[in-house]
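Enquirer: 3D, please:
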Amino acid sequence: MKKLMTILACGAFGFLIILHFACSSSSTPTGGYGNSPTPTPAPGGSGLVTATTSNTFNPAAVTITHGNAVTFVLGGGSHTLYIDNGSGTCVQNYNTWPQTITFPTAGTYHFHCSNHSACGTSSCSACTGMAGFVVVQ
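Expert: Predicted coordinates:
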C-alpha cells in the first residue's frame, strides 16, 4: 500500500510539472501593427532591416545584443525611418539610406516609416502599417 501511495504521489507531482510548463508562455514585445512578429535573432549580435517596395520592413522585428547595431537599408520605394528612444517617443528621423544605428542599452525600440504608417512622428510604439521593433538584450 505504501509503495502504491508513493507511485501515485510521484505521478501527480510529475503531472503538475508538465501542466506548469505546458501552460507557461513567454511574452514578445508588441507594437500596434497587426500580427506582432517574432523577433529574428541577429547573427553576430547585429542586424539588417530592409525597407521594401511593398511598404514593409523585412524583418519587422529583430533581436540584437546591446552595444551592437542594426543597419536599415532601402530596398525600394519612398520611405522615412523614425526610431524611438526606448520610451515610445520618436527622437530620430532618418531620410537617407543606409542608416546604421548602434543600440547601447537593453530595451525595445520601435521604428516606422511616416509615409506608410498610422502613428505620426511623435509616438513609435503604437504604429500600424509599415512599422517594427528592435529588441536589444
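Enquirer: I'd like the distance between residue 131 and residue 67.
Expert: Spatial separation of residue 131 from residue 67 under the definition CB to CB, to the nearest Å is 24 Å. (Each C-beta comes from the backbone N, C-alpha and C, glycine too.)
Enquirer: Who has more neighbours out of the two?
Expert: Counted by other CB atoms under 10 Å, residue 131 and residue 67 do not tie: residue 131 has more neighbours, with 26 against 13.
Enquirer: Quick check: that one touching residue 57?
Expert: Yes. Contact between residue 131 and residue 57 holds when scored by CB atoms under 8 Å: they sit 7.3 Å apart.
Enquirer: Overlap in contacts, those two.
Expert: Taking CB atoms under 8 Å, 6 or more residues apart in numbering as the criterion, residue 131 and residue 57 both touch 111, 113.
Enquirer: Residue 114: how many residues sit nearby?
Expert: The tally of other residues near residue 114 (other CB under 10 Å) stands at 19.
Enquirer: Ramachandran coordinates for it?
Expert: Residue 114 has phi and psi values of phi -70, psi -20 when expressed as degrees, to the nearest 10.
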